[in-house]
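Novice: I would like the atomic coordinates for the input below:
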Amino acid sequence: MAQVELKDVNKVFGKVAVIHDVDLEINKGEFVVFVGPSGCGKSTLLRLIAGLETLSSGKIVIADKEVMELPPSKRGIAMVFQSYALYPHMTVFHNMAFSLDLQGFSKAEIKERVEAAAKILQMEHLLDRRPAALSGGQRQRVAIGRAIVRNPDVFLFDEPLSNLDAALRHETRIEIAKLHNQLGATTIYVTHDQVEAMTLADKIVVLKDGEVMQVGAPMELFNYPANEFVAGFLGSPKMNFFEGVIESVKADGSQAKFKGDEISVDKVRFVSQDKAKGDKARLAIRPQHLRLDSKGKLKGSVTLVERLGTETIVELVTTQGTIFRFASPENPDLSIGNKASFSFDAAQAHIF
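Specialist: Just a heads-up that it's a prediction; the model follows:
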């Protein structure tokens, strides 16, 4: 296990800056997920840590050692890519053993390491097969096993589940979580899938346009987003936003009163503290935090109902044309064209 530190890290391709002043500390044994939309710089940041890209400026420290001048093979890392990149003519055993063989390990130690990794991944019975005889999930496990045998200080995963179907993604995600609990290795994982981020991470790093938007534990980011981007990115269905103005602000700046065409509410968490009374702002409420209430002040007409079994998602539109969503584990008796009213706890809302 090793600690990883990024200090004022920047990356420029030509005249385009893709990573901006990233400062980040990843503790020993921590599972950290870089998440964000396509093009936000998360894979580039991972490749900078791996040594597959060179820094434009800044420092990267792994296990208390600056690694900017070291090649990937000397950084104590092992990387699992979106593409399995297995050798088709080799068996699973030899695919996993290949890097060890290149490093000059003895046959006995190679056998011991490969068999130990195969046992961890429950694929001892696959060692004599070739990649063509494996499913997508099994191939990804081989790629993970190839990383495990190197016994690295840091595991790097670059969207490893993107090539799998939904069921396999779920199964492999569980395997990766169990693997981390078993090995306790420092892990950095890149994904655009917020569900993967929320379920796997000890700490999430949300990126947008090469900048870190917020860093924290999954539920901290979910319940206390630092800005509108994080609020809208994390959570499914997405956060509801309502346009309006700030009517008043509490003396300590922690809460404010919001008034919009659709809704008026006081004592709401005030995030954008650069704004003042009379400024335009947006009220944010998660679909899961709305409650059906005949006396509720938020009203809308149902335009879509999605019954997913474990959850029902209802899309509505206000008289002012604002679309919002309501999510419930129950099965509310609502159909397209129905009118519904909602209430919510102001403590669970945010003003941006």
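
Novice: show the subsequent helix or strand relative to the longest helix along the chain.
Specialist: Counting by DSSP state H, the longest helix found in the chain is helix 166-183. Sequence order places strand 186-191 as the next helix or strand after helix 166-183, per DSSP states H and E.

Novice: which residues are in contact with that following strand?
Specialist: Where contact means Cβ atoms under 8 Å, 6 or more residues apart in numbering, the residues beyond strand 186-191 that reach it are 1-4, 26-35, 42-43, 45-46, 49, 153-161, 176, 180, 196-197, 200-201. Using the backbone N, CA and C atoms, a C-beta is placed for each residue, glycine as well.

Novice: which residue packs closest to residue 329, ignoring adjacent ones?
Specialist: Counting by Cβ to Cβ, 6 or more residues apart in numbering, residue 311 is the residue found nearest to residue 329 once chain neighbours are left out, at 5.7 Å.

Novice: tell me if I'm right that that neighbour and residue 328 touch.
Specialist: Yes. In terms of Cβ atoms under 8 Å, residue 311 counts as a neighbour of residue 328; the distance is 6.9 Å.

Novice: now for these two: what residues contact both?
Specialist: Counting by Cβ under 8 Å, 6+ apart, nothing touches both residue 311 and residue 328.

Novice: please save the CA atoms from stretch 15-33 in CSV.
Specialist: In CSV, the C-alpha atoms belonging to stretch 15-33 read as follows (Å, rounded to 0.1, in the frame of the first residue of the first chain):
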residue,chain,number,x,y,z
LYS,A,15,-2.5,25.1,-26.5
VAL,A,16,-5.3,23.2,-24.8
ALA,A,17,-5.1,22.8,-21.0
VAL,A,18,-6.9,19.6,-20.0
ILE,A,19,-5.9,19.3,-16.3
HIS,A,20,-5.9,22.5,-14.2
ASP,A,21,-4.0,22.9,-10.9
VAL,A,22,-5.1,19.6,-9.3
ASP,A,23,-4.1,19.1,-5.7
LEU,A,24,-5.2,15.7,-4.3
GLU,A,25,-4.1,13.4,-1.5
ILE,A,26,-5.0,9.7,-1.7
ASN,A,27,-4.4,7.8,1.6
LYS,A,28,-2.9,4.3,2.0
GLY,A,29,-5.5,1.6,1.3
GLU,A,30,-8.1,4.1,0.1
PHE,A,31,-10.4,3.4,-2.8
VAL,A,32,-10.7,6.6,-4.7
VAL,A,33,-12.9,7.1,-7.8
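
Novice: quick one: it to chain centroid distance?
Specialist: 13 Å (Cα atoms, centre = their mean, to the nearest Å).
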